[in-house]
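Engineer: when you get a sec, could you give me coordinates for this:
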Amino acid sequence: MKRSSILCFLCFCLLCAAPLRGQGFSFGYQYAFSGEEYSGYFMTYDVIGPVGAYVNFFGFGVTDSPMFDEPWPGDPLEFTIEKDYWAAQSFGLTLRLLPGLYVYGGYCNGKYISVTEYFWFDETYTFSEDGYYTTMEGTRHGNPGFDIGLSISPFRYFGFNLGYNFSLEAVVIGFNAGLYF
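Structural biologist: Numbers count the residues shown, from 1 in each chain. Okay, here's the model as predicted:
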């Protein structure tokens, strides 16, 4: 037999291998340590042999930064708030390494909108009753990348994830609840 046919046969046996814990799924919450990005995710395990799938959706992050300018003569800039509204989806595959230990990896589109809000004070009270008014600037961004990590489920109904998201450029940690059949 040729070596390539033996490798193909072994790969087929690996994909058709009976799962050691049974098919399962989990859903949970992740936090990215680069800022305040939160996400929810759903993973399936051992759907076709040791291979499953996952999807992930990242939430939002907010950072405050002071700045002082004058948009109109005499109107001082009180403060600025920069907000990043993430709408980044990830999807990919899970692969069982050992019972309860899975590696996951896939693509993240890295889409988000940056909004900067400027809060001004108008001493003439022309723009508002209390003297304060707001201007906003928004831009769309995309930072596609990979989303990889480990999903560890030492217990039947509880586990956690540890990974890295290249779009966010952040380490992510997550907790999940799951069910195995």
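
Engineer: just the endpoints, please. Distance across stretch 136-154?
Structural biologist: 47 Å (Cα to Cα, to the nearest Å).

Engineer: quick one: distance of that stretch to the chain centre.
Structural biologist: 4 Å (Cα atoms, centre = their mean, to the nearest Å).

Engineer: please apply the same query to stretch 133-148.
Structural biologist: That offset, for stretch 133-148, works out to 14 Å (Cα atoms, centre = their mean).

Engineer: in that stretch, what's buried?
Structural biologist: Going by neighbour count (16 or more other Cβ atoms under 10 Å), the buried part of stretch 133-148 is 133, 145, 147-148. Backbone N, C-alpha and C define where each C-beta goes, glycine included.

Engineer: then stretch 108-121?
Structural biologist: 108-112, 118, 120-121.

Engineer: could you do stretch 79-91 as well?
Structural biologist: For stretch 79-91, by 16+ other Cβ under 10 Å, it's 81, 83-84, 86, 88-90.

Engineer: out of the buried residues of stretch 108-121, which comes closest to Val172?
Structural biologist: Using Cβ to Cβ, Cys108 is the member of the buried residues of stretch 108-121 that lies nearest Val172, at 10.5 Å.

Engineer: which strand residues bridge that closest one?
Structural biologist: Beta-bridge partners for Cys108, by DSSP bridges, are Ser90, Gly145.

Engineer: so who does it touch?
Structural biologist: For Cys108, the contact set (Cβ atoms under 8 Å, 6 or more residues apart in numbering) comprises 56, 88-90, 144-147, 165-168.

Engineer: returning to that earlier point: between the buried residues of stretch 133-148, which sits nearest Gly40?
Structural biologist: For the buried residues of stretch 133-148, the nearest to Gly40 is Asp147 (13.6 Å; Cβ to Cβ).

Engineer: the buried residues of stretch 79-91 in strands, which ones?
Structural biologist: Of the buried residues of stretch 79-91, the ones assigned to strands by DSSP state E are 81, 83-84, 86, 89-90.

Engineer: can you redo the residues you listed as TSV with pLDDT?
Structural biologist: Shown next, in TSV, are these (pLDDT from 0 to 100):
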residue	pLDDT
Ile81	77
Lys83	76
Asp84	74
Trp86	74
Gln89	85
Ser90	88
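
Engineer: would CSV of the residues you listed with distance to Asn161 be doable?
Structural biologist: Formatted as CSV, those follow (distance: Cβ to Cβ, whole Å):
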residue, distance to Asn161
Ile81, 31
Lys83, 26
Asp84, 22
Trp86, 18
Gln89, 16
Ser90, 12
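
Engineer: hang on, the earlier thing: right, and the pair among the buried residues of stretch 108-121 with maximum separation?
Structural biologist: Across the buried residues of stretch 108-121, no pair lies farther apart than Cys108 and Phe121, at 40.4 Å, counting by Cβ to Cβ.
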